[in-house]
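Enquirer: can't give you the sequence, but here's the structure:
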């Protein structure tokens, strides 16, 4: 019997995937566990292995095209087997998958036309809730109980717009209802230009940060830290180990240590409750041509400086090669974004869900200061903590920064 292959959800935030390359062609034999295709998700290009044995009878997505999660991308079965009945009900999906288009339909349209493909939708019998795969993924990501969401789809089915509406209603600030999806008036170009389709990564960055900015009431706290002792300590450490340890590695370690003393910062807003973590997983923003990815250093509070340095370099390299696994990009409880290496003195960052806070780190800059009646040169670094006011108050955010400052200004506390 032929088996339909759907676009898989290869990450917790994936809504659609781009078929980068097929490793089999129609008529080729396929074994379970064999590489079938490469798929670009919102975070990386990942290998997709077949779940079935048989012959590749049908390819529903051409290389370079994107389709929603759960759309039909292939059929695997016995040679000569009639598979048309399996896909006859998916004409709408075929139109999206096979026809190159210049305009991508809205997520709501894609969700509607692919609804028949949602085989994993929960049943409606008893008190089980009927919801689309996308709605379920969003609810899981945001910590939303689907039982609290009113569905507007067929037969009360919960769809993406219902989750978004619920998030807006739960937001504490009026700005949560800001019209982020209003049509944008694009002026007629007067000169030469180039339109470049947004990558899966850029689309998800836009969606997630838009949701964060307009649903989480942000406020910002900036503090200046003297880095003279840390600069001297780093020089000593470089003489004692072959491991290259950057200033950012020190910041990650110091932040992890400070978080163990300030549980309210190491937290998430879950709609009807706040989750405080008893472990510290720090996301470290890595710049790429297409945007930022945030690999996660797990248990950062339990790791030595050298371990953190080695792990961050490895994760950053995998990020730039688009080889990060979903597990390496999820589970963060706090995030650090450092633009100091680009000469940025100070900036504010948008909170990276599901975290309650993100730390923006600027460059280390020398400045003349008066010490004991004498003018001397000292080095300072500014950090800005972006806080979700639903979880963090100004006092608790300030106390966290004071602890971080104390650690970085006495860096031997990180080594002892």
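Expert: Perfect, I can see it now. Bear in mind that the values here come from a model prediction, so they are computed numbers and not experimental data.
Enquirer: can I assume residue 221 is in contact with residue 404?
Expert: No: assessed by CB atoms under 8 Å, residue 221 is found out of contact with residue 404, at 10.9 Å. C-beta here means a position set from N, CA and C on the backbone, and glycine is covered the same way.
Enquirer: which one of the two has more residues nearby?
Expert: residue 404 (24 against 18; other CB atoms under 10 Å).
Enquirer: Check whether the more buried one sits in a helix, strand or coil.
Expert: helix (DSSP: H, G, I helix; E, B strand; the rest coil).
Enquirer: how far away is it from residue 361?
Expert: To residue 361, residue 404 is 10 Å away according to CB to CB, to the nearest Å.
Enquirer: what is in contact with those two at once?
Expert: The contact sets of residue 404 and residue 361 overlap at residue 383 (CB atoms under 8 Å, 6 or more residues apart in numbering).
Enquirer: what sits up against stretch 18-28?
Expert: Contacts for stretch 18-28 (CB under 8 Å, 6+ apart): 30, 34-40, 45, 55-59, 61-67, 73, 79, 199-200.
Enquirer: Just the buried residues of these.
Expert: Neighbour counting with 16 or more other CB atoms under 10 Å marks 30, 36-40, 45, 55-59, 61, 65-67, 73, 199-200 as buried within the contacts of stretch 18-28.
Enquirer: so where do the helices sit in the stretch 201-350 of the chain?
Expert: Ranges of helices in the stretch 201-350 of the chain, per DSSP state H, counting those that start in this stretch, are 228-240, 247-261, 305-320.
Enquirer: out of those helices, which comes closest to residue 167?
Expert: helix 247-261 (26.0 Å; CB to CB).
Enquirer: tell me the angle of the closest one relative to helix 228-240?
Expert: 110 degrees (axes from the mean of the first three to the mean of the last three CA atoms, to 10 degrees).
Enquirer: in helix 247-261, what counts as buried?
Expert: Of the residues in helix 247-261, those buried (16+ other CB under 10 Å) are 247-259.
Enquirer: Surely residue 410 touches residue 229?
Expert: Yes: counting by CB under 8 Å, residue 410 touches residue 229, with 6.6 Å between them.
Enquirer: these two touch, right, residue 39 and residue 49?
Expert: No: using CB under 8 Å, residue 39 makes no contact with residue 49, being 10.9 Å away.
Enquirer: what's the first-to-last distance across stretch 236-256?
Expert: 22 Å (CA to CA, to the nearest Å).
Enquirer: Would you mind listing the outside residues contacting it?
Expert: With CB under 8 Å, 6+ apart, stretch 236-256 has contacts from 227, 230, 233-234, 280, 282, 284, 297, 300-301, 303, 305-306, 308-310, 312-313, 334, 336, 338, 340-341, 359, 361, 364, 383, 404, 407-408, 411, 414-415.
Enquirer: List buried residues within those.
Expert: 227, 230, 233-234, 280, 282, 284, 297, 300-301, 303, 305-306, 308-310, 312, 334, 336, 338, 340, 359, 361, 364, 383, 404, 407-408, 411, 414.
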